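S.K.: Prediction below, plus the sequence it came from.
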Amino acid sequence: MSQNPGQSGFFSLVKGVPLNRVLIMPFLLQILLAVGLSVYLSIGNEQIEGNTQSAIFIFLGVLGVASVLGIAIARWITQPILDLSKAVKEFGKQATSADFTNEENSGVIVQGIHEVEVLAGSFNEMAQQLRQAITVLASKNEELKLQVELRTQELQQEIKERLNNQQKLEQHNLALVELANHRAVSEGNMETAFKVITEKAANALKVERVGVWLFNGDRTKLQCISLYERSKQKHSAGLEYNRADYPIYFKALGAAHTIIVTETRNDPRVQELWDNLLESENIASLIAVPIWVGGKMVGIILYEQVNIPRKWELIEQNFVSSIAEFVALTLEVCDRKQAESALREAQETAEVANCAKTTFLANITDELTTPLNSILRITKTFQNEVCESLSEEHRQSINSLESNSKHLLELINNILDLTKIESSKIELQLAPTSIRGLCDSSLSFVKYLALQKNIQLSVQVPEGLEPIQVDERRIRQAFINLLSNAVKFTSDAGKVWIEVQPTSTNEYIFFSVVDTGIGMLSDDLFKLFQPFVQVENSYTRRSAGTGLGLVMVQRIVELHGGTVHAESQLGKGSRFTVKLPWKK
């Protein structure tokens, strides 16, 4: 800001003079005027009177000069201050303007009074610092503004992607819900289910082709079971990939991982397919998802994108894995239905065969029983009436005939009883039965056999046991079989006995037939309850048996809701325990 043009002459003389010195100048002039007036008056009255008019004019002139000088000094003093005030106001306006940092004003220029010049210099310094600070702040503000704009764009892009992903997720979930509720999937209707699955998957992913491919039996081929083309809305099947033609591709599939290909032209895993299959169909990207059934990979679901390469997003990878689970579910249901159908057919066949067996055995036993009874009656007649006139050899032959006939009749009766039990034609006649009486009557049936071998029979039954609800004839038949075996396989002078012991809650009761016989190896125990099977050793080979006695025991006990358990030690005997329900 330049100096006022009116400030010349006197002001140029006092330029840079301190303010306190300039302010005393008018007072000095007045003092000089007063001194001069006093000197003048001291010259004499006559002179004063003669020159009164001149003196007054001089006085007035000096007074005017002093007044003008005072006013000029006052203007000279106030003008820099006004200039500084104006400069401050202009600086304030500039500070609020948009281009403050670009202002070319170098500062406030004030000349005249030293103190004001110092104040203007301080103001210029402060203004420069403030300008620099505002410049830095403006730069930071621009950077922050740019960062906010970039972050805003990023957030907008993220929101857009999230909305897009949300929309995709809703479409995927809707497709999965529809598949979960589709009847063809739940019923294992493979052809219809695969058509529905491939179509819904293609529409949800907006992909051109979706196909279900399964391995053949020896895993040398991948066969397309169902292929859907979205643009044509067409279903097809029948394509095949041979392992021999595409070994690298099959090796990649054998790794049992999802194969994700963004650009088929450059991916080595599918390079074999490019020339023959992918290029002709413009398949730019694909994803192959394994299908697992029963812990084994049985095939893949193949998704193919045409024309433009596609980067498969994580949400899409999760969706195609869920689709593979629906394919696996369909296959499992289909396999289970086939297994159930085969089982049902096998059961029907077994029932027919069992019915035929039962009918055959019933007929054959009737046909065999009649002549055997006749043979036994004739043998008995010979023994009673003719035996005395026969030779010893003939008598032995008749006795042998009787023994073999009885053995054959026992075998036939056992077969008939077993057949009735297995065909569920036997009905139990349950009634309260004395436990002590049941044991005693069973022992009486083997008493004669035991006497022939000098075997001691006994029974150990606690006193005061209440009756048990059983079919007495059937249970006695089971006990007699156990006791007969015990006597048969116990050496002379041995022991056979029955132990009875209820449980602490009286819910069950145990009947144990124990002997001191030959026993058997623990490895042979599992053979005991198989029809027509006998444990082989030197003693059993000498003892006749049908191999049905223990089977009959087990079936009768199971009909009563009980179990049979066998324990044995070679050379020390055996223990057969029957557990039956018994409520006190």
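M.R.: Perfect, I can see it now.

S.K.: For stretch 493-504, give me every contacting residue.
M.R.: If you take Cβ atoms under 8 Å, 6 or more residues apart in numbering as the criterion, stretch 493-504 is touched by 435, 439, 442-443, 446, 450, 453-462, 465, 479, 483, 486-487, 490, 508-517, 582, 584. Every residue, glycine included, has its C-beta placed from N, CA and C.

S.K.: Just the buried ones from those?
M.R.: Among the contacts of stretch 493-504, those classed as buried by neighbour count (16 or more other Cβ atoms under 10 Å) are 435, 439, 442-443, 446, 450, 455, 457, 461, 465, 479, 483, 486-487, 490, 508-517, 582.

S.K.: on that earlier part again, strands - which of the contacts of stretch 493-504 land there?
M.R.: Members of the contacts of stretch 493-504 lying in strands (criterion: DSSP state E): 456-460, 508-515.

S.K.: between those, which is nearest E340?
M.R.: Y508 (36.6 Å; Cβ to Cβ).

S.K.: Mind telling me what element L302 is part of?
M.R.: strand 296-306 (DSSP states H and E).

S.K.: Please point out which parts of that strand sit buried.
M.R.: Applying 16+ other Cβ under 10 Å to strand 296-306 flags 297-306 as buried.

S.K.: got it, and stretch 321-336?
M.R.: By neighbour count on 16+ other Cβ under 10 Å, the buried set for stretch 321-336 is 322-324, 326-331, 333-334.

S.K.: and those residues, which of them are in helices?
M.R.: Mapping the buried residues of stretch 321-336 onto helices (DSSP state H) picks out 322-324, 326-331, 333-334.

S.K.: Under the pLDDT cut-off, which ranges of the stretch 101-250 of the chain? List them.
M.R.: 101-113, 115-116 (pLDDT under 70).

S.K.: measure I56 to V62 for me?
M.R.: For I56, the distance to V62 equals 11 Å [Cβ to Cβ, to the nearest Å].

S.K.: hmm, back to that, could you dump the buried residues of stretch 321-336 into CSV and include pLDDT and distance to N414?
M.R.: CSV is the format used below for the buried residues of stretch 321-336 (pLDDT from 0 to 100; distance: Cβ to Cβ, whole Å):
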residue, pLDDT, distance to N414
S322, 91, 60
I323, 92, 60
A324, 91, 57
F326, 90, 56
V327, 91, 55
A328, 91, 51
L329, 89, 50
T330, 90, 51
L331, 90, 48
V333, 89, 46
C334, 88, 46
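
S.K.: which of those residues lies closest to E392?
M.R.: Closest to E392, out of all of the buried residues of stretch 321-336 and judged by Cβ to Cβ, is C334, at 75.9 Å.

S.K.: which residues does that closest one contact?
M.R.: So C334 contacts 188-190 (Cβ under 8 Å, 6+ apart).

S.K.: hmm, try it at 7 Å
M.R.: 188, 190 (Cβ atoms under 7 Å, 6 or more residues apart in numbering).

S.K.: Report the separation between it and I475.
M.R.: Distance from C334 to I475, counting by Cβ to Cβ: 49 Å.

S.K.: Out of the helices and strands in this protein, which is least certain?
M.R.: Across the helices and strands of the chain, mean confidence by mean pLDDT, DSSP states H and E is lowest for helix 10-13: a mean of 46.

S.K.: tell me which strands and helices the helix or strand V148 falls within is in contact with?
M.R.: If you go by DSSP H and E, V148 is part of helix 114-180. The contact analysis (3 or more Cβ pairs under 7 Å, 6 or more residues apart in numbering; DSSP states H and E) places helix 114-180 against helix 52-96, helix 190-205, helix 314-381.

S.K.: Past the longest one, which element shows up next along the chain?
M.R.: In other words, helix 314-381. Moving toward the C-terminus from helix 314-381, the next helix or strand (DSSP H and E) is helix 392-422.

S.K.: tell me the centre residue of this structure?
M.R.: By Cα atoms, centre = their mean, the chain has its centre lying nearest to S322, at 11.4 Å.

S.K.: Run through the residues that contact that residue.
M.R.: Counting by Cβ under 7 Å, 6+ apart, S322 touches L176.

S.K.: heads up, I number from 18, so please use that
M.R.: Shifting the count to begin at 18 puts that one at S339.

S.K.: And it, how close does it get to E134?
M.R.: Separation of S339 from E134 (Cβ to Cβ): 85 Å.

S.K.: repeat for E524
M.R.: Distance from E524 to E134, by Cβ to Cβ: 121 Å.

S.K.: Among the two, which residue is more densely surrounded?
M.R.: Neighbour count, other Cβ atoms under 10 Å: between E524 and E134, E134 has more, with 17 against 11.

S.K.: how far away is that one from F140?
M.R.: 11 Å.

S.K.: Also E159?
M.R.: Distance, E159 to F140, by Cβ to Cβ: 28 Å.

S.K.: Look at these two and report which has more neighbours.
M.R.: Each of E159 and F140 has its neighbours counted (other Cβ under 10 Å); F140 has more, 17 against 10.
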